[in-house]
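[1] After the sequence you'll find the predicted model.
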Amino acid sequence: MEHREISRAVIKRLPRYYRYLGELMQEGVERISSGELSKRMQITASQIRQDLNNFGGFGQQGYGYNVKYLYHEIGKILGLDKTYNLIIIGAGNLGQAIANYANFERRGFVAKAMFDTNSQLKGKTVRGIPVYSMDDLEDYIRNNDVQIAALTLPKAGAEAAAKRLIKIGIRGIWNFAHTDLRVPDDVVVENVHLSESLMRISYRLSNQEE
Ligand SMILES: NC(=O)c1ccc[n+]([C@@H]2O[C@H](COP(=O)([O-])OP(=O)(O)OC[C@H]3O[C@@H](n4cnc5c(N)ncnc54)[C@H](O)[C@@H]3O)[C@@H](O)[C@H]2O)c1
């Protein structure tokens, strides 16, 4: 199926549609109207129609959306019909927590290896995922199929690590380090800053109090 250029705002909402549709499937729901989906997701039915119209032909008047079909189509659009191998740079608390979280694999993101400058961590495994020395990074990437690198190392080393990864061909960076990376246009960076979410909570709690 051909897709037109989809706006970033819509793409940002797709994982949420995907999650709800997955839940509906588990409940055995075969089809759903935009109205019902709107109630569940707490977004307007017109927003849903507008978003899903981007892909054409998913909804039918008086029939609603075919849950399974839509789930699989959105999965394809998000590239979730593929498997991505992931490496983790920085095998500390956060890196190990990500390695420990088996559920990413259900979505096709498979953590393969961790890398760290701390020689004491070398040889350790977390859920079967080994920690290697940063010295072995390029060799490992050359010899293994890796698409995404998670950066869970301190800010000070993040830019240099990203440079090495990009140079050796990594095009997807999941950045947890507290820094904004400068990368070429063909490199995709997703920044995850939990503290920013907390600040948004803080803002909303502070404004409620007033
Ligand atoms: N984005 C977020 O939401 C979020 C949340 C928690 C922590 N963090 C950040 O993530 C980073 C990791 O947090 P943590 O709690 O796991 O810290 P940690 O100290 O437990 O782990 C950091 C690891 O990185 C390794 N390291 C240091 N320099 C390196 C380098 N140049 N190359 C490879 N490995 C290197 C260290 O040896 C250590 O094992 C911190 O910088 C922290 O600020 C971000």
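    Thanks, I have it.
[2] Could you verify that residue 114 is part of a strand?
    Yes: per DSSP: H, G, I helix; E, B strand; the rest coil, residue 114 lies within a strand segment.
[3] what is it paired to in the beta sheet?
    residue 88, residue 131 (DSSP bridges).
[4] Identify the residues contacting it.
    87-91, 95-96, 99, 121, 126, 129-132 (Cβ atoms under 8 Å, 6 or more residues apart in numbering). Placement of C-beta: from N, CA and C, glycine included.
[5] Show me the domain layout of the chain.
    Following automatic domain parsing, the chain resolves into domains at 8-77, 84-196.
[6] Any idea how far apart the tips of the first one sit?
    Terminal residues of domain 8-77 lie 13 Å apart, using Cα to Cα, to the nearest Å.
[7] re the thing from before, filter the contacts of residue 114 by proximity to the ligand?
    89-91, 95, 121 (Cβ under 6 Å from any ligand atom).
[8] Return a ChimeraX selection command for the buried portion of those.
    Buried members of those, defined by 16 or more other Cβ atoms under 10 Å, are picked up in ChimeraX with:
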select :89,90,91,95,121
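[9] I'd like to know which of the ones next to the ligand among the contacts of residue 114 is nearest to the ligand.
    Taking Cβ to the nearest ligand atom as the measure, the ligand sits nearest to residue 90 out of those, at 3.3 Å.
[10] Brilliant, that's me finished.
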